[in-house]
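A.B. asks: Sequence first, predicted model second:
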Amino acid sequence: MAHAERIQSGLNSYLKPILQDYQERIVCHTQPKILRDVIWGFNSFNPYELAIIDSPPFQRLRDILQTSLAFLTYPCAVHTRFEHSLGVAAVAARMLNAINERKKGCVDPKMAVEVRLAALLHDLGHGPFSHGSEKFYGRLTDENGGSIFESLKTENRMFAEASPSEIISFLLVTTASFKQLWSVISDSYSSSVPELRDVNLDRVASMIVGSDDLVGEGGRFYRQIINGPFDADKLDYLPRDGYFTGLEIVVDIERLLKTVTVITENSISDIAVVISGASVLEQVIFSKTQLYASMYHHHKVRAAHQLLMRLFQTILEREYKPAGRNLKDPISYIMLDDSDFLRSDYDDAKVDSIVRMIKRRILPQRALVVSYPCFGRGDAVSRENFEKLDEEDLKKVEKEVEGKLKLPENSVFFDIPDLPRLGGQAQAAVEVADNYRLLLQDLFPAGAWGKAFAGYRRVAYVFTTNTDTNRRRDIGEAVRDILGHLKYPIKLNGNALKLAKV
């Protein structure tokens, strides 16, 4: 059985009873509701959208933290995927309205319904701690040792550029059980909203994974509102994550909405901004790099992330099943929420120890930092070799230093955070004259900005659970020595230890 078929079958089996129960008690909303959001103010949701929002798969998002364990460093970062998904729908609606105002009659009412649905549903595939678990289950392998998600991308070309959570969202939204739920909702509200009868959930799901296969070239801009160079997802999470961490993130969304448009060339319709909106797209890039440097890559955020990865790995290795779910199967993750992991009743001492460290904020400490100031002046070779390090290399370094210094197993963590992907924003279309476009990268060196970030702001950490300062220094020096003798050696100066404060 193909991976997609097996996963979708498992999702359907999970959803069938809970969605049948929901259908029996579904509330038939008669009026739109106004929901107040801390970022976007008052936003209206249609009755049929409220029926989706009230459903169990969507309500689960209330218990999935948007920024994983970042709240251990930024105490107010306790916002969830639930309000983010509502925010994405609100931004998508504003983008559609802005396009319709500038290009009268451009937006098909049926497609507008589908875009808003895709915005609401785009994160249903996220597991506990959002990208925290996605990073873990995205590396799961099948019984033959092959990558499950790489196989999924081979099976379906629509998944080629999609993340693991987007693929799971696609498979969930297109299950027979979810389609049955939509059929009930559509039948209930189509008398007042005729477009609901023609909604295609396969097309909605294709927008989530960023595929044009079902929207067609003429409808590409609909997909781009959901998954594109400056999509509603980015335009919500940038100000939202900034607000809840207290970071000053400047993206003039209102200005952007005044400039958004659609350009059609050779029957291909792309979302774009007029030339006066290009500066806001630059703000998107600046804000993204700022969030990565200040929050996502903050050393305490990364230390907590490494503990979370150890928690998942330990549970998997010891075959412990949170809430009865097998973590070897990616579908298990959307059957769980954050609280299923941070429980206090584990009967496994090792698992319980990691949970207690997270809950009590006993985080690993830095023993070594690898960043631009840590390379010798003019040592381009070490910088290039640093970029060649992969997961296998990191594990070897961890094991070697633990063996060399006779440290407990899994007491050293080598962490290299993912770099922000700025290439997509560089491909945003800018209308400089009537239906004449340039790409943002033609007006602003977005590609060079991305390379500069990779070269000067890329960072890696070596963490340890050992709290003794002298021992941490020993670990840092041992790792520095090991890195200097790799096949592709990385020479580090004294700043690697100074920046770790050992």
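C.D. replies: Structure received. All values derive from a computational prediction rather than experimental measurement. Residues are numbered from 1 along each chain as shown.
A.B. asks: Show the pLDDT at residue 210.
C.D. replies: On pLDDT, residue 210 comes in at 97.
A.B. asks: The stretch 201-350 of the chain: strands as residue ranges?
C.D. replies: 260-265, 268-274 (DSSP state E, counting those that start in this stretch).
A.B. asks: Can you give me the buried ones in the last one?
C.D. replies: Under the neighbour-count criterion of 16 or more other Cβ atoms under 10 Å, strand 268-274 has 269-274 buried. Glycine gets a C-beta too; all of them are placed from N, C-alpha and C.
A.B. asks: Using TSV, please lay out those residues together with pLDDT and distance to residue 256.
C.D. replies: Below are the buried residues of strand 268-274 laid out as TSV (pLDDT from 0 to 100; distance: Cβ to Cβ, whole Å):
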residue	pLDDT	distance to residue 256
269	94	19
270	94	16
271	95	11
272	93	11
273	93	7
274	93	10
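A.B. asks: nearest to residue 96, of the residues you listed?
C.D. replies: Distance to residue 96 across the buried residues of strand 268-274 (Cβ to Cβ) is lowest for residue 271, with 10.5 Å.
A.B. asks: Next, the distance between the ends of stretch 24-42.
C.D. replies: 30 Å (Cα to Cα, to the nearest Å).
A.B. asks: Provide the contact partners of that stretch at residue level.
C.D. replies: Identification of contacts with stretch 24-42 by Cβ atoms under 8 Å, 6 or more residues apart in numbering yields 43-47, 50-51, 54, 83, 86-87, 90-91, 184-185, 188, 236, 239-240, 243.
A.B. asks: Torsion angles phi and psi at residue 92?
C.D. replies: phi -60, psi -40 (degrees, to the nearest 10).
A.B. asks: any idea how far residue 115 is from it?
C.D. replies: 5 Å (Cβ to Cβ, to the nearest Å).
A.B. asks: One more: residue 265?
C.D. replies: Per Cβ to Cβ, residue 265 is found 22 Å from residue 115.
A.B. asks: Compare those two (neighbour count), which wins?
C.D. replies: Set residue 265 next to residue 115 and count neighbours by other Cβ atoms under 10 Å: residue 115 wins out with 28 against 11.
A.B. asks: how about the buried residues of strand 268-274 in JSON lines, adding distance to residue 196?
C.D. replies: JSON lines is the format used below for these (distance: Cβ to Cβ, whole Å):
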{"residue": "269", "distance to residue 196": "24"}
{"residue": "270", "distance to residue 196": "27"}
{"residue": "271", "distance to residue 196": "24"}
{"residue": "272", "distance to residue 196": "29"}
{"residue": "273", "distance to residue 196": "31"}
{"residue": "274", "distance to residue 196": "33"}
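A.B. asks: what's the burial count for residue 189?
C.D. replies: 21.
A.B. asks: other SSEs contacting the lowest-mean-pLDDT helix or strand in the chain?
C.D. replies: None of the helices or strands of the chain scores lower by mean pLDDT, DSSP states H and E than helix 446-456, at a mean of 72. With contacts taken as 3 or more Cβ pairs under 8 Å, 6 or more residues apart in numbering; DSSP states H and E, helix 446-456 sits against helix 278-291, helix 423-426.
A.B. asks: related to what we said a few turns ago, for residue 208, state which of the buried residues of strand 268-274 is nearest.
C.D. replies: The closest of those to residue 208 turns out to be residue 271 (Cβ to Cβ; 16.2 Å).
A.B. asks: what about the nearest residue to residue 71 once chain neighbours are set aside, distance to residue 323?
C.D. replies: Leaving out its chain neighbours, the residue that sits closest to residue 71 by Cβ to Cβ, 6 or more residues apart in numbering is residue 77, at 4.6 Å. Between residue 77 and residue 323 the computed distance is 25 Å (Cβ to Cβ).
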